[in-house]
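In: Following is a predicted model, sequence given first.
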Amino acid sequence: MAKTIADCASVTISGFNGSTHPELLTLALAARFARETRPRDLTLLVGIGQGDRRGRGLDALAQRGLLRRLIFSHLGTCPLLQSFVRDGLVEAFNLPLGVFSQLLRCAPHPYVSRVGLN
């Protein structure tokens, strides 16, 4: 999946704190960026921050150039992404979780993964 993400894509990653986070996806995406500097300038949409406050989870994506924009409701478990927001390294939009959920629900072309449905 990480190989299919293009520059400037919008990516939504689900999970809740340390639970149900697709760790292999974020690690593969971070490794691809470190190796190829691709994809670049992603918009990352996350409702609840997914991490362990020690670098796992979404913090793997805290690499300059990988993310351009971050739309989120909570980053309490992602200190590296918090520092990107605080230091102005990404455009950041903090929305209440209910508003964020409605934003996703209204997406014109949602893609729903079948992973975990069986």
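Out: That came through fine. Numbering: from 1, shown residues only.
In: Show the backbone phi and psi for the most centrally placed residue in the chain.
Out: By C-alpha atoms, centre = their mean, the chain has its centre lying nearest to residue 44, at 4.2 Å. Phi and psi for residue 44, reported as degrees, to the nearest 10, are phi -110, psi 120.
In: from memory it sits against residue 67, does it?
Out: Yes: look at residue 44 against residue 67 with C-beta atoms under 8 Å: they come within range, at 5.5 Å. (Glycine included, C-beta is placed from N, CA and C.)
In: residue boundaries of the strands in the chain?
Out: 10-12, 42-48, 67-74, 91-94 (DSSP state E).
In: In the longest one, which residues are buried?
Out: Neighbour-count burial for strand 67-74 flags 67, 70, 71, 72, 73, 74 (criterion: 16 or more other C-beta atoms under 10 Å).
In: hmm, back to that, possible to save the strands of the chain as a markdown table with distance to residue 102 and mean pLDDT?
Out: Listed next are the strands of the chain as a markdown table, based on distance: least, C-beta to C-beta, whole Å; pLDDT from 0 to 100:
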| stretch | distance to residue 102 | mean pLDDT |
| --- | --- | --- |
| strand 10-12 | 14 | 86 |
| strand 42-48 | 11 | 89 |
| strand 67-74 | 12 | 92 |
| strand 91-94 | 14 | 93 |
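In: Could you point out which of the ones you listed sits nearest residue 58?
Out: Minimum separation from residue 58 across those (C-beta to C-beta) falls at strand 42-48, 6.3 Å.
In: The closest one to strand 67-74, inter-axis angle?
Out: With axes from the mean of the first three to the mean of the last three C-alpha atoms, to 10 degrees applied, the angle from strand 42-48 to strand 67-74 works out at 10 degrees.
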